[in-house]
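Visitor: pasting the sequence and the predicted coordinates here, then a few questions.
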Amino acid sequence: VQLVESGGGLVQAGGSLRLSCVVSGFTFDDYDIGWFPGKEQEGVSCISVTEGTTYYADSVKVRFTISADNGRNTVYLQMNNLNPEDTAVYYCAAIPFGKTCQTGPIGVDYWGKGTPVTVSS
C-alpha cells in the first residue's frame, strides 16, 4: 500500500495550491481518502468515492475542494484563498469505512509521507 503526495510549496496569502495523492495497492472501493494537516490533527477534508460524499472542516469550507480521479487512482485537494493558518505538512491518508475525518489520526490505516504547504503573510 502506498500513498504519494505532491503539489505542496510556498505561496503568498490569498494564493492557491493543488495537492495530489496517488494511491496504489488498494482501490477507492476499499478506503475513503482524507487530507490531514499533521498526523496529530483531524482531517480537513475527506472523500468517499464509492458513496460520492465529501466532508470539509469548518476552517476550510468554501476555500478547499476535494475530488477524485478513479482512472488515475488520484485524489486532489484544491486549496484556494490560502492563509498563514493553513501552513502545515499535509498528509494523505487511507481511512477504513466506519471511520471519518473527524475520527482523527486514530482512524487512519495508512499515511503518505506528506507534502509541505507554507503560506506567507
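Guide: Great, that's in hand.
Visitor: my guess is Glu40 contacts Pro105, does it?
Guide: Yes. Between Glu40 and Pro105 a contact is recorded at 6.0 Å, counting by CB atoms under 8 Å. Quick note: C-beta positions are derived from backbone N, CA and C, even for glycine.
Visitor: neighbour count winner among these two?
Guide: Pro105 (16 against 8; other CB atoms under 10 Å).
Visitor: against Gln41, how distant is the more buried one?
Guide: In this view, Pro105 and Gln41 are 7 Å apart by CB to CB, to the nearest Å.
Visitor: need the residues touching each of these two.
Guide: Residues touching both Pro105 and Gln41 (CB atoms under 8 Å, 6 or more residues apart in numbering): there are none.
Visitor: list the contacts of the residue most central in space within the chain.
Guide: Centroid-nearest residue in the chain: Trp35, 2.1 Å away (criterion: CA atoms, centre = their mean). Applying CB under 8 Å, 6+ apart, we find Trp35 in contact with 19, 21, 43-46, 66, 75, 77, 90-93.
Visitor: just the buried residues of the residues you listed.
Guide: 19, 21, 43-46, 66, 75, 77, 90-93 (16 or more other CB atoms under 10 Å).
Visitor: measure Gly25 to Pro37 for me?
Guide: From Gly25 over to Pro37 (counting by CB to CB), the distance is 24 Å.
Visitor: meant to ask about Lys113
Guide: Using CB to CB, Lys113 is found at 15 Å from Pro37.
Visitor: between those two, which one's more packed in?
Guide: A side-by-side neighbour count of Lys113 and Pro37, using other CB under 10 Å, places Pro37 first with 22 against 11.
Visitor: pretty sure the more buried one is touching Val89, no?
Guide: Yes. Contact criterion CB under 8 Å: Pro37 and Val89 qualify, at 7.4 Å.
Visitor: ok, which stretches of the chain are strands?
Guide: 2-6, 9-12, 17-24, 31-36, 45-48, 53-56, 64-69, 74-79, 88-96, 110-111, 115-120 (DSSP state E).
Visitor: could those be laid out in CSV, adding mean pLDDT?
Guide: As requested, the strands of the chain are exported to CSV (pLDDT from 0 to 100):
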stretch, mean pLDDT
strand 2-6, 98
strand 9-12, 98
strand 17-24, 98
strand 31-36, 97
strand 45-48, 97
strand 53-56, 97
strand 64-69, 98
strand 74-79, 98
strand 88-96, 97
strand 110-111, 98
strand 115-120, 98
